[in-house]
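Chemist: mind looking at a prediction? Sequence and model below.
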Amino acid sequence: MPDSSKPLPVPLHGRGAASGGLSGRFDDRARESDGDWLDARESIDGEGPVLRTQVTLEKPRTIITRNRSPDIPFDRSINPYRGCEHGCIYCFARPTHAYHNLSPGLDFETKLFAKPEAPELLRRELARPGYRCEPMAIGTNTDPYQPVEARLRIMRGLLEVLAEHEHPVAITTKSARIVRDIDILGPMAAKGLAAVMMSVTTLDPVVARRMEPRASAPARRIAAIETMVKAGIPVSISVSPVVPAITDHEIEAIVEAGARAGASGAFSIVVRLPHEVSPLFREWLAVHYPDRAARVMALIGDMRGGKDNEGAFFDRFRPRGAYAAALLARFRLACRKHGLNGARFELRTDLFRAPGQQLALF
């Protein structure tokens, strides 16, 4: 747990992490103050200081990221943003900010990188000779529908390119903002080209505000599932991550809520705490749940061989022990009760037309 001799940080209004966290693994010295205090202001509702979001525009050379992990069911993805304003304290992508010499804590939530040229880069890469079409995963690292998307609309631009060339896409999000793009996703889904997974960690708005402060409220996510299903878009509900002693009692309720909204699949995974995420999560527990912090970490350790995290392929997604087995059994029983199958949807790849490729006349 955090050093008890040091005072706990004051939570920042609308942010998940209470501090910057440990120095990045790729920094050979302790980080100096980065000036974030200049953005601290008293919030209007008196709930503590606020911190503005900064966005840096990137110009990458490529946009499709290739994945070779043997325990991941997709081989390509797109990340329109680095960092995520949702501020989910458990986010396994937090350590990636170390590559920018930024902290996995508040920097990850407030110092974002956006790729406005992503749609054109995508079009260029789809046109490359020898490109082989397989479903594109978006939202597997940071959320493509985080708040900044409302202004920059990079995700929408990507969908427009994918739809134009009839390329399949699988989207993961915890934002109701995705309903904005139903006009694109609906017709794609009708052709078997689009599927969505909506992440719902808790149905309790108080817990959600603490744990994932700038993500859509749970009720709005459930409503988004219903809206998308009515538009013909196949949706799965992801009961992820399950946090011991904080959200684990909600497994059945979340599955039921998703089924009532029309979800046809379900998925669940227990919280993972890789690298710098672990100390941030421990600090968050000490701030928000000091009465049960020790129990939470004990249960996590029980599932991870006595460690905060297991990083080995396959094992990272397969928690062990009696507690983990009980969680899995409850999830599967709830899915059977409400008629939800696995979370995978078969997306078509045979309709793909590369940019510049003419339609066959016969």
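Modeler: Done, it's in. Because the structure is a prediction, the values reported are computed rather than measured.
Chemist: longest strand of this protein?
Modeler: strand 235-242 (DSSP state E).
Chemist: then that strand to CSV, C-alphas only?
Modeler: The C-alpha coordinates for strand 235-242 follow below in CSV (Å, rounded to 0.1, in the frame of the first residue of the first chain):
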residue,chain,number,x,y,z
VAL,A,235,-23.6,-5.4,-29.3
SER,A,236,-21.9,-7.3,-26.5
ILE,A,237,-21.6,-6.1,-23.0
SER,A,238,-18.2,-6.4,-21.3
VAL,A,239,-18.4,-6.8,-17.5
SER,A,240,-14.9,-5.6,-17.2
PRO,A,241,-12.8,-5.3,-15.3
VAL,A,242,-14.3,-7.0,-12.2
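Chemist: show me what secondary structure element comes after that strand.
Modeler: Past strand 235-242, further along toward the C-terminus, the next helix or strand under DSSP states H and E is helix 251-261.
Chemist: from the chain's centre, how far out does the longest strand of the chain sit?
Modeler: 11 Å (CA atoms, centre = their mean, to the nearest Å).
Chemist: other SSEs contacting that strand?
Modeler: strand 194-199, helix 218-230, helix 251-261, strand 265-270 (3 or more CB pairs under 8 Å, 6 or more residues apart in numbering; DSSP states H and E). Yep, even glycine has a C-beta here, placed from its N, CA and C like the rest.
Chemist: count the neighbours of residue 72 for me.
Modeler: Number of residues near residue 72 (other CB atoms under 10 Å) recorded here: 13.
Chemist: okay, now the sheet partners of the longest strand of the chain, with direction.
Modeler: strand 194-199 (parallel), strand 265-270 (parallel) (DSSP bridges).
Chemist: any low-confidence regions in the stretch 51-200 of the chain?
Modeler: Filtered on pLDDT under 70, the stretch 51-200 of the chain yields the residue ranges 71.
Chemist: can you give me the helices for it?
Modeler: For the stretch 51-200 of the chain, the helices defined by DSSP state H, counting those that start in this stretch cover 106-110, 118-126, 149-152, 154-164, 182-190.
Chemist: which of the residues in the third one are buried?
Modeler: To tie it back to what came earlier, the one meant is helix 149-152. Residues of helix 149-152 classed as buried: 149, 152 (neighbour count, 16 or more other CB atoms under 10 Å).
Chemist: tell me how far that helix is from the chain's mean position?
Modeler: With CA atoms, centre = their mean, you get 17 Å for helix 149-152.
Chemist: with just CA atoms, put it into PDB.
Modeler: Extracted C-alpha coordinates of helix 149-152, given in PDB (Å, rounded to 0.1, in the frame of the first residue of the first chain):
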ATOM      1  CA  GLU A 149     -13.700  13.000 -29.900                       C
ATOM      2  CA  ALA A 150     -16.700  15.300 -29.700                       C
ATOM      3  CA  ARG A 151     -14.600  18.100 -31.000                       C
ATOM      4  CA  LEU A 152     -11.900  16.400 -33.200                       C
END
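Chemist: what are the contacting residues of it?
Modeler: Here helix 149-152 makes contact (CB atoms under 8 Å, 6 or more residues apart in numbering) with 55, 80, 81, 114, 116, 155, 156, 175, 177.
Chemist: circling back to that earlier point, wait, which of the strands paired with strand 235-242 is closest to residue 109?
Modeler: strand 194-199 (17.1 Å; CB to CB).
Chemist: next one: the closest one to chain centre, how far?
Modeler: Here the centre of strand 194-199 is set off from its chain's centre by 11 Å, with CA atoms, centre = their mean.
Chemist: next one: the next helix or strand after it to chain centre, how far?
Modeler: Downstream of strand 194-199, the first helix or strand assigned by DSSP H and E is helix 205-211. Distance of helix 205-211 from its chain centroid, counting by CA atoms, centre = their mean, is 16 Å.
Chemist: swap in stretch 112-122?
Modeler: 18 Å.
Chemist: then stretch 98-109?
Modeler: Worked out by CA atoms, centre = their mean, stretch 98-109 lies 16 Å from the chain centre.
Chemist: any idea how far apart the tips of it sit?
Modeler: 13 Å (CA to CA, to the nearest Å).
Chemist: distance to residue 236 added to the helices and strands packed on strand 235-242, as CSV?
Modeler: What follows is the helices and strands packed on strand 235-242, written out as CSV (distance: least, CB to CB, whole Å):
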stretch, distance to residue 236
strand 194-199, 5
helix 218-230, 9
helix 251-261, 8
strand 265-270, 4
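Chemist: neighbour-wise, give me the winner out of the contacts of helix 149-152.
Modeler: Within these, neighbour counts (other CB under 10 Å) peak at residue 80, which reaches 30 neighbours.
Chemist: ok, that one - contacts?
Modeler: Here residue 80 is in contact with 114, 115, 118, 138, 144, 149, 154, 155, 158 (criterion: CB under 8 Å, 6+ apart).
Chemist: and the furthest pair within those?
Modeler: Maximum pairwise distance in those, criterion CB to CB, is 14.4 Å, between 114 and 138.
Chemist: fine by me, thanks again.
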